[in-house]
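Participant: Coordinates for the following, if possible.
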Amino acid sequence: ESEDDDSIGAQEQAARHMLFIWAILLNKYKIGEMFWLYGEDSIPNALLAGSILQRLSSSKTLSKPHLEEARLDMIQHTKRFEALAVGVLSECHTADPDKTSVLLNAETD
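Facilitator: Predicted structure coming up:
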């Protein structure tokens, strides 16, 4: 592969990551999960989505009664993304515990 191909690949990955975050912030969870599925760094990204949703769901703004459904939906999807991270980690551990240990200790960008 040429440098141009690598650069285009990196740009596409960055765009998928931004769209993933965009979808999470706009409560487009199915779209967000799709971008998560096709993106890289699945464990950190699932945990990022869970963290964003947890913080948003605990925001004072969403404590108002008319926003209860949105808040509960965020809590549900927090758990969903956390479960996705655990699922990936579990599959990795089942396939190769040593590589899983390396994965857990690796730094992400």
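
Participant: pLDDT wise, what is Asp109 at?
Facilitator: Predicted confidence (pLDDT) at Asp109: the value is 57.

Participant: Please apply the same query to Glu1.
Facilitator: We have a pLDDT of 56 for Glu1.

Participant: now Lys99
Facilitator: Confidence at Lys99, expressed as pLDDT, is 89.

Participant: before we move on, which element is the closest residue to it other than its chain neighbours in?
Facilitator: Distance criterion Cβ to Cβ, 6 or more residues apart in numbering; nearest residue to Lys99, sequence neighbours excluded, is Cys92 at 6.8 Å. Using the backbone N, CA and C atoms, a C-beta is placed for each residue, glycine as well. Per DSSP states H and E: Cys92 is located in helix 68-95.

Participant: follow-up on the earlier one: just give me the neighbour total for the residue nearest to Lys99.
Facilitator: When neighbours are counted by other Cβ atoms under 10 Å, Cys92 registers 18.

Participant: ok, Glu82 touching Ala46?
Facilitator: Yes - using Cβ atoms under 8 Å, Glu82 makes contact with Ala46 at a distance of 7.0 Å.

Participant: Compare these two (neighbour count), which wins?
Facilitator: Between Glu82 and Ala46, Ala46 has the larger neighbour count (other Cβ under 10 Å), namely 24 against 17.

Participant: OK, contacts around the more buried one?
Facilitator: Ala46 is in contact with 36, 81-82, 84-85, 88, counting by Cβ atoms under 8 Å, 6 or more residues apart in numbering.

Participant: can you do 6 Å?
Facilitator: By Cβ atoms under 6 Å, 6 or more residues apart in numbering, Ala46 lies in contact with 81, 84-85.

Participant: Low-confidence ranges, this structure, go.
Facilitator: Regions of the chain meeting the criterion pLDDT under 70 cover residues 1-2, 107-109.

Participant: Dump stretch 6-18 to CSV, restricted to CA.
Facilitator: Taking Å, rounded to 0.1, in the frame of the first residue of the first chain, the C-alpha atoms of stretch 6-18 are listed here in CSV:
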residue,chain,number,x,y,z
ASP,A,6,-2.7,4.8,4.3
SER,A,7,-3.6,8.5,4.5
ILE,A,8,-7.0,7.9,3.0
GLY,A,9,-7.6,4.9,5.3
ALA,A,10,-6.7,7.0,8.3
GLN,A,11,-9.0,9.8,7.2
GLU,A,12,-11.9,7.3,6.6
GLN,A,13,-11.3,5.9,10.1
ALA,A,14,-11.3,9.3,11.7
ALA,A,15,-14.5,10.2,9.9
ARG,A,16,-16.1,6.9,11.1
HIS,A,17,-15.0,7.8,14.6
MET,A,18,-16.4,11.3,14.4
